[in-house]
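Peer 1: Generate coordinates for the sequence data below:
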Amino acid sequence: MKTHARVSAIDTAKGIGIALVVFGHMVARDLKPLENDWWMVWHDRLYTFHMAFFFFLSGYVFFMQPASHWPARFRKSASKLIPAYLLFALLVYLSKAAAVRVLHVDRPVQEPIDEILRMLIYPTEGFAQFLWFIYTLMMIYGLMVLLRHWVPRYYRASLAIAFLLHLLSVYGFVTEMIALQQLTRYTFFFLIAGACHRHAEVWQAMCGRYALVFLLGLAAALVALPEVWLATVAGLLSIPALVGLATLLERWEGPRAFLQFLGRNTLPIYLMNSLAMGLARALILRLWGWDGWHFFAVAPLLLSVGLLVPIAIQRLVFSRWEWSNRITQ
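Peer 2: The predicted model follows:
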């Protein structure tokens, strides 16, 4: 399969992945829509696989380059993602501190020093919780750079060790301090991307041919299996299922173009969807509410806000300055 076709399918898959991330961020942690228990069941199931898929996609792009280029890739990503992490942590803090006086705020902020320490030591529990992905991704990149002479040479052993660490994380044997639980949980999926990239033609052909089988398998697992198993089983099934879905969607210009548009704007969506939906959600709760049947009208609105408003803000605001355009695009 030609390289541009493979990248096209991955761009489509990135659009699917970021849509799932935004979908998972719609509901606040401390305020749930009443009479919509089905949503919380779906939400919990979604969180068993959608970040595994996102780390797989990050790994797939990473492994497109040879190991000799990994240090340069790490430096380039760090120069972009670390300033973005710091900038949006500051923006979230200031936004929450100001908004809490007049609107409902999910996870209100406390004293600045306490919050900074929590963000650094327990990033998955901080006031800008969604930024843990950057924290963990940079750790995985750094790990790949440190092991760049070993991982490509002993790939099967690397996968086996990563799988054991994944199981230890899933079953609660790894601390959440400095995102070690996330690092050990998701490095396995990041490395799977390298194996898939090594056999790209065979792997993607299989995903396209058996896409419906994998999608049905993922759906069955989400319905039937205990949640603790899903972190592994659904995480693994989501890769061929969602890449297969992306391959099928390559045949339809409209869905493909829209998902690739989202895929090319993954970073601004990721950085700003929680802020955009947080403001929209607070206004909706104040003016109309989202309990009962209201949620069926509110959910599509929040999803649209989370996907499209960040892109508009990036182009209208952050693109005005070279430094902010570089770290948000």
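Peer 1: ok, and what's touching stretch 213-221?
Peer 2: Identification of contacts with stretch 213-221 by Cβ atoms under 8 Å, 6 or more residues apart in numbering yields 49, 207, 229-230, 233-234, 237-238, 240-241, 244-245. Every C-beta, even on glycine, is put in place using the N, C-alpha and C of the backbone.
Peer 1: mind listing what's buried in that stretch?
Peer 2: Using 16 or more other Cβ atoms under 10 Å as the test for burial, stretch 213-221 gives 214-215, 217-218, 221.
Peer 1: How far does the helix or strand where residue 138 lies sit from its chain's centre?
Peer 2: Secondary structure assigned from DSSP states H and E places residue 138 in helix 132-146. Counting by Cα atoms, centre = their mean, to the nearest Å, helix 132-146 is centred 14 Å from the centre of its parent chain.
Peer 1: same check, this time on stretch 318-329
Peer 2: Counting by Cα atoms, centre = their mean, stretch 318-329 is centred 21 Å from the centre of its parent chain.
Peer 1: CA atoms only: put that stretch into PDB for me.
Peer 2: Output in PDB follows, covering the C-alpha atoms of stretch 318-329 (Å, rounded to 0.1, in the frame of the first residue of the first chain):
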ATOM      1  CA  PHE A 318      -3.700  32.000  18.500                       C
ATOM      2  CA  SER A 319      -2.700  32.200  14.800                       C
ATOM      3  CA  ARG A 320      -2.100  35.900  15.200                       C
ATOM      4  CA  TRP A 321       1.300  35.300  16.900                       C
ATOM      5  CA  GLU A 322       4.000  33.000  15.600                       C
ATOM      6  CA  TRP A 323       4.800  31.500  19.000                       C
ATOM      7  CA  SER A 324       1.200  30.700  19.900                       C
ATOM      8  CA  ASN A 325       0.400  29.500  16.400                       C
ATOM      9  CA  ARG A 326       3.300  27.100  16.600                       C
ATOM     10  CA  ILE A 327       2.300  25.500  19.900                       C
ATOM     11  CA  THR A 328      -1.400  25.200  19.200                       C
ATOM     12  CA  GLN A 329      -1.500  24.000  15.500                       C
END
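Peer 1: Now it: buried residues?
Peer 2: 318, 324, 327-328.
Peer 1: same check, this time on stretch 305-313
Peer 2: For stretch 305-313, the neighbour count (16+ other Cβ under 10 Å) marks 305-311, 313 as buried.
Peer 1: cool, stretch 113-120 as well?
Peer 2: Across stretch 113-120, burial judged by 16+ other Cβ under 10 Å covers 115, 119.
Peer 1: what's the closest of the buried residues of stretch 213-221 to residue 26?
Peer 2: Checking those against residue 26 with Cβ to Cβ, the nearest one is residue 218 at 20.8 Å.
Peer 1: average pLDDT for the helix or strand that contains that closest one?
Peer 2: Following DSSP H and E, one finds residue 218 within helix 211-224. Averaging pLDDT along helix 211-224 yields 95.
Peer 1: how big is the angle separating the next helix or strand after that helix from helix 211-224?
Peer 2: Reading on from helix 211-224 to the C-terminus, the next helix or strand found by DSSP H and E is helix 227-249. Orientation check (axes from the mean of the first three to the mean of the last three Cα atoms, to 10 degrees): helix 227-249 against helix 211-224 gives 160 degrees.
Peer 1: Would you mind listing the buried residues in helix 227-249?
Peer 2: Buried-residue list, helix 227-249, by 16+ other Cβ under 10 Å: 230-249.
Peer 1: Could you measure from the residue nearest to residue 12 when sequence neighbours are not counted over to residue 53?
Peer 2: Leaving aside its chain neighbours, residue 12 sits nearest to residue 246 (3.9 Å; criterion: Cβ to Cβ, 6 or more residues apart in numbering). Distance, residue 246 to residue 53, by Cβ to Cβ, to the nearest Å: 11 Å.
Peer 1: what do those two both touch?
Peer 2: By Cβ under 8 Å, 6+ apart, residue 246 and residue 53 have these common neighbours: residue 13.
Peer 1: which outside residues touch stretch 117-134?
Peer 2: With Cβ under 8 Å, 6+ apart, stretch 117-134 has contacts from 25, 29, 51, 54, 81-82, 84-85, 88-89, 92-93, 96, 107, 109-110, 115, 135-136, 176-179, 181-182, 270, 273-274.
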